[in-house]
Structures are given as C-alpha cells and as structure tokens.
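**Student:** pasting the sequence and the predicted model now:
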Amino acid sequence: MYAMADTNIFSDWLQAEMDNRGLTQAELARLAGVTRSAINGVLTGNRGPGNDLCVAISRALKLPPELVFRKAGLLPPVPQITEYTEEILHLINKLPPEDQEEILELLRFKIERKTANINEKPPSRKKNPARSVLNN
C-alpha cells in the first residue's frame, strides 16, 4: 500500500471538485451514499478517505475510481496522459456500443485531419502578382 498523501491535498481537490459541480457536503454525501460527517471529516482533514469512501466519491462524481484513489494517495501517481486515458475509457464504457463507435469515428477523423495538416507543404513563395503588374 502506498503512503497516505497529505490529507490537505485530497481535501483541497475534493472541495474544488464540489465547487465546480455546485455541490454541498450534504449533496455529495447523498450522491455517494455516505454520511455528511464522513465527507466533512475528509474535507477538514480529521479522517482519511479510505477505500470505501473513495469508491463512493468516484461514483458520486462520475470519475474513474483510480483517479480518486490517486488523489487520496492510495495509488501511485501517473503521468497526466494516463489520467486522461483512464477518464476517457471510464466515460466511453458508460455509453452504448453505437455511441462508442461514433466517438471512435470522431477520434479517427480528428487524427486524420491533424495528420493531413502536418503533412501539407507550406505554400511556395511565388512572386507577388500585384508587384509583377506594377513592374510592367
């Protein structure tokens, strides 16, 4: 098991997540299926989140459990790209197969477009047509 991260870091992160979503402690507790005192204890730093509370918070905030566990210091940190990948997979897995296919097509389209833009040659430096008319 990994050493518990600074409880202030987790409580600051959780408070920011609540603020972004406009949630009170009571609302988060209700969504998570825990007591308000459990949420308050984590936010004030009087208690660590623990496994069960992390799972409940992840479910309530609709975030991958791994993300919440990392923020709580219960899993080792990973590069930001891995966090994005985990969240993308978490969200895609909540969609029906036809919507997953649509997202996949959109990703392919964006990659093709970016690749096409990179592979385009810059415009050649042709003689300025206005200048050639003036010179005549």
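**Tutor:** Structure's in. What do you need?
**Student:** burial check on Ala16, number of neighbours?
**Tutor:** 10 (other Cβ atoms under 10 Å). Bear in mind the C-beta positions are built from the backbone N, C-alpha and C, glycine included.
**Student:** got the phi/psi numbers for it?
**Tutor:** Main-chain dihedrals, Ala16, degrees, to the nearest 10: phi -60, psi -40.
**Student:** that one and Tyr84: what is the separation?
**Tutor:** Going from Ala16 to Tyr84 by Cβ to Cβ, to the nearest Å gives 18 Å.
**Student:** before we move on, what about His90?
**Tutor:** Using Cβ to Cβ, we find His90 at a distance of 11 Å from Tyr84.
**Student:** between the two, which one's more packed in?
**Tutor:** With neighbours defined as other Cβ under 10 Å, His90 and Tyr84 compare such that His90 has more, 16 against 10.
**Student:** avg pLDDT for whichever strand or helix holds that one?
**Tutor:** Per DSSP states H and E, His90 falls inside helix 80-92. Averaging pLDDT along helix 80-92 yields 86.
**Student:** got the buried residues for that helix?
**Tutor:** Residues of helix 80-92 classed as buried by neighbour count (16 or more other Cβ atoms under 10 Å): 83, 86, 90.
**Student:** can you tell me which residues contact the nearest residue to the second one once chain neighbours are set aside?
**Tutor:** If I follow you right, that is Glu86. Counting by Cβ to Cβ, 6 or more residues apart in numbering, the nearest residue to Glu86 once its immediate chain neighbours are dropped is Pro64, at 4.7 Å. By Cβ atoms under 8 Å, 6 or more residues apart in numbering, Pro64 lies in contact with 58, 86-87, 89-90.
**Student:** since that was my last question, I'll sign off now.
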